[in-house]
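*Asks:* Okay, sequence plus prediction incoming.
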Amino acid sequence: MIAATKPDLSAHHIAVVIPCFRAGRTIARVVSAVPSEIGTIVLVDDRSDDGQAEVFQQLAKADPRIAIVTNEKNLGVGGATVAGYRKALELGAEAMVKIDSDGQMDPFFAPRLAEPILAGHADYVKGNRFFDIESVRAMPVMRLVGNAGLTFFSRLSSGYWNLSDPTNGFTAISAEAVRILPLGKLHQRYFFESDMLFRLNTFGALVVDQPMEAIYGEEQSNLSVTHSLLTFPLLHLRNFFKRVVYNYLLRNFDVASLSLLAGLVLLTFGLVFGIAEWIESSRTGMPATTGTVMLSVTPVLVGFQLLLSFLHYDISKSPNETMNSRAGSLTVLAKRDRERLAEPD
């Protein structure tokens, strides 16, 4: 989604945040490709053991835009990104673009990702690698299969059903969104991107897609597809239940909430009753009566239909305005500022 009115990028402070671990061979190439519209480049050394810290120092001497953050211990890509966000916020950035250090994201697209934020059309922007079918064909098969499997779970847990590439790590976020998010609660490892979407949804942040290209060279991702497929679904389900409880039971209680609760009760009753009667029929050899069958099937069908109705409502309930346009979000933002200022140096 390209902003209808393009902002004057020279009038805004855009920061690029690059979490780095064992990026000594690739980081110089990535930094050299960062366009001039970017005011700050935050390099986060996540306690790498390949000598990338020395490379950082050399790059900083050649490019005054570079700010270096060194974590006290290895935090993972999520923790390193949060550290970079904090530094960029401290330096006055209005929009922050996250780029991986392996060279598979073209920094040329960084200003384009920031444009919807600076124009006031989004709180968070996700790069979309699936906009162009040729780019999809260039994606390695295993990576494509892994992304396809995780996309549904990410949509389910985050509530952003309109996103085409929710697992993409090429993102941009507004300073307001960074300030309002509970950064300390975000997942510190590779689930960070999906957890970020879940947290943003709880605040009603406006998230949009932006077409981009991905670069697939010889670099090997540290993320195991097998490990992701085994662990990520459970994390997504956890976030889905937390989001439903918060958005439909604690914050709001409406027709969708009634559909959800009634659907769960009817579906559970129908299944439990039906299984119990089936076991009893098998034990005694007596077939179940028509009334017994209907008493089991009807709640299952009605409950399933109510749950589908809830899911349809959830899909249609995507945020359509930015957080800074709502008074409630601004109240939370002010609270975050008070807490941050109260922290000891």
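*Replies:* It's in. Residues are numbered from 1 along each chain as shown.

*Asks:* for stretch 260-279, which positions count as buried?
*Replies:* With burial defined by 16 or more other Cβ atoms under 10 Å, the residues of stretch 260-279 counted as buried are Leu260, Ala262, Gly263, Leu266, Leu267, Gly270, Phe273, Gly274, Glu277. Every C-beta, even on glycine, is put in place using the N, C-alpha and C of the backbone.

*Asks:* my bad, should have said stretch 112-132
*Replies:* Buried residues in stretch 112-132 (16+ other Cβ under 10 Å): 112-118, 120-131.

*Asks:* can you dump the C-alpha coordinates of it into PDB?
*Replies:* Listed in PDB are the C-alpha atoms of stretch 112-132, where the atom choice follows Å, rounded to 0.1, in the frame of the first residue of the first chain:
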ATOM      1  CA  ARG A 112       9.300   3.700   0.800                       C
ATOM      2  CA  LEU A 113       8.300   1.700   3.900                       C
ATOM      3  CA  ALA A 114       8.500   4.900   6.000                       C
ATOM      4  CA  GLU A 115       6.400   7.000   3.700                       C
ATOM      5  CA  PRO A 116       2.900   5.800   4.900                       C
ATOM      6  CA  ILE A 117       4.000   6.500   8.500                       C
ATOM      7  CA  LEU A 118       5.300   9.900   7.900                       C
ATOM      8  CA  ALA A 119       2.100  10.700   5.800                       C
ATOM      9  CA  GLY A 120       0.000   9.700   8.800                       C
ATOM     10  CA  HIS A 121      -1.500   6.700   7.000                       C
ATOM     11  CA  ALA A 122      -0.100   3.900   9.100                       C
ATOM     12  CA  ASP A 123       1.500   3.100  12.500                       C
ATOM     13  CA  TYR A 124       3.300   0.000  11.200                       C
ATOM     14  CA  VAL A 125       4.300  -1.100   7.700                       C
ATOM     15  CA  LYS A 126       5.100  -4.600   6.600                       C
ATOM     16  CA  GLY A 127       7.100  -5.300   3.400                       C
ATOM     17  CA  ASN A 128       5.100  -7.600   1.100                       C
ATOM     18  CA  ARG A 129       7.300 -10.000  -1.000                       C
ATOM     19  CA  PHE A 130       4.300 -11.600  -2.600                       C
ATOM     20  CA  PHE A 131       3.000  -8.600  -4.500                       C
ATOM     21  CA  ASP A 132       5.000  -9.600  -7.600                       C
END
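
*Asks:* what stretches of this protein score poorly on pLDDT?
*Replies:* 1-5, 132-140, 142-143, 146, 214-229, 325-345 (pLDDT under 70).

*Asks:* Could I get the full set of strands for it?
*Replies:* 14-20, 40-45, 66-70, 95-98, 124-128, 171-174, 207-211 (DSSP state E).

*Asks:* Please identify the deepest-packed of these.
*Replies:* Compared across those, strand 95-98 shows the largest average neighbour count, a mean of 29 (mean count of other Cβ atoms under 10 Å).

*Asks:* helices or strands up against it?
*Replies:* Counting contacts by 3 or more Cβ pairs under 8 Å, 6 or more residues apart in numbering; DSSP states H and E, strand 95-98 packs against strand 14-20, helix 76-90, helix 110-118, strand 171-174, helix 175-180.

*Asks:* out of these, nearest to Ile66?
*Replies:* Counting by Cβ to Cβ, Ile66 lies closest to strand 14-20 out of the helices and strands packed on strand 95-98; the figure is 9.7 Å.

*Asks:* Contacts for that closest one, please.
*Replies:* The contact list for strand 14-20 (Cβ atoms under 8 Å, 6 or more residues apart in numbering) reads 27, 30-31, 34, 37-46, 48, 52, 56, 77, 80-81, 83-85, 87-88, 91, 93-101, 107, 110-111, 114, 118.

*Asks:* Helices along the stretch 201-345 of the chain, start to end?
*Replies:* When secondary structure is read from DSSP state H, counting those that start in this stretch, the stretch 201-345 of the chain shows helices at 225-244, 255-284, 290-316, 327-342.

*Asks:* Mind checking the strands of the chain for the one nearest to Glu193?
*Replies:* The stretch from the strands of the chain with the least distance to Glu193 (Cβ to Cβ) is strand 171-174; that distance is 7.1 Å.

*Asks:* Report all helices and strands that the closest one contacts.
*Replies:* Packing contacts for strand 171-174, counted by 3+ Cβ pairs under 8 Å, 6+ apart, involve strand 95-98, helix 110-118, strand 124-128.

*Asks:* follow-up on the earlier one: just send the strands of the chain back as CSV, with distance to Arg189 too.
*Replies:* CSV is the format used below for those (distance: least, Cβ to Cβ, whole Å):
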stretch, distance to Arg189
strand 14-20, 11
strand 40-45, 15
strand 66-70, 18
strand 95-98, 15
strand 124-128, 19
strand 171-174, 16
strand 207-211, 21
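
*Asks:* looking at these, which is closest to Thr322?
*Replies:* By Cβ to Cβ (comparing all of these), the closest turns out to be strand 171-174, at 7.7 Å.

*Asks:* residues contacting Val265?
*Replies:* Counting by Cβ under 8 Å, 6+ apart, Val265 makes contact with Gly303.
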